[in-house]
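*Asks:* Could you work out the structure for the sequence below:
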Amino acid sequence: MSIKADEAEHSIEMHLPYVRKVFTGQDIKIVPIVVGAISKEVEASFGSLLAPYLAPAPSNTPAVKLSRSTAPTDNPIHESIRQLDHEAMDILALPFSAEAVHAAFATYLAKTKNTICGRHPIGVLLGAMASLEKTNSSQPTIKWVRYEQSSACLTIRDSSVSYASAWIRF
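*Replies:* You can find the predicted model right below:
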């Protein structure tokens, strides 16, 4: 990765303080994986490759950052952002197979044009979860635990980033 690309990539810097807090006092290892703009099929393929490393074990806890940068403006802007974000979060938490959730999430992204930073890593994680469902006969679940906006946008000139945290149970 070029220095310019590395400097523009901020996901890990935003996520690590939360990971450290959750695992206070524990010796953990983090393997950052940068995922570029890839197709749903490639997300699923990469997910299958990573699935063995995410298999249920006390030492394996995946973390993926979700943030959003644009939204429609029918309602007050910050409320439109919240609605758009929660629509994606609701899709990702559906009690269906990870493969079905992956398809629904891809459809949502194509329909809304929502620019979720982390959408491709989320797709890779869903691909891994789908692979684990097939090999372990288990259905992982996603539970959202926190959602915040960096600011409440009131005008089109305002800016905001949304952050959502979730855990996965295998």
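
*Asks:* immediately after the longest helix seen in the chain, which helix or strand?
*Replies:* Looking across the chain with DSSP state H, the single longest helix is helix 119-136. Downstream of helix 119-136, the first helix or strand assigned by DSSP states H and E is strand 141-149.

*Asks:* all strands for the protein, in order.
*Replies:* 66-68, 116-117, 141-149, 162-169 (DSSP state E).

*Asks:* Of all these, which one is nearest residue 36?
*Replies:* Among the strands of the chain, strand 116-117 comes nearest to residue 36, with 12.1 Å by CB to CB. Placement of C-beta: from N, CA and C, glycine included.

*Asks:* Pairing partners for the closest one, with directions?
*Replies:* strand 66-68 (antiparallel) (DSSP bridges).

*Asks:* can you count the residues close to the nearest residue to residue 44 once chain neighbours are set aside?
*Replies:* Nearest residue to residue 44, sequence neighbours excluded (CB to CB, 6 or more residues apart in numbering): residue 127, at 3.7 Å. For residue 127, the count of nearby residues is 25 (other CB atoms under 10 Å).

*Asks:* try residue 142
*Replies:* 20.

*Asks:* and it, what are its bridge partners?
*Replies:* On the basis of DSSP bridges, residue 142 is bridged to residue 168.

*Asks:* now the end-to-end length of stretch 151-170.
*Replies:* End-to-end distance of stretch 151-170 (CA to CA, to the nearest Å): 34 Å.

*Asks:* helices or strands next to the longest helix of the chain in the packing?
*Replies:* Contact partners of helix 119-136 among helices and strands, from 3 or more CB pairs under 8 Å, 6 or more residues apart in numbering; DSSP states H and E: helix 40-54, helix 98-112.

*Asks:* for this protein, what are the low-confidence residue spans?
*Replies:* Within the chain, the stretches with pLDDT under 70 are 1, 5-11, 56-74.

*Asks:* Go again with 90.
*Replies:* Within the chain, the segments meeting pLDDT under 90 span 1-23, 26-37, 51-77, 93-97, 114-118, 132-143, 145-146, 155-156, 159-170.

*Asks:* thinking again about what came up before, mind putting the helices and strands packed on helix 119-136 into CSV with mean neighbour count and distance to residue 20?
*Replies:* Output for the helices and strands packed on helix 119-136, formatted as CSV (neighbours: other CB atoms under 10 Å; distance: least, CB to CB, whole Å):
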stretch, mean neighbour count, distance to residue 20
helix 40-54, 17, 20
helix 98-112, 17, 27
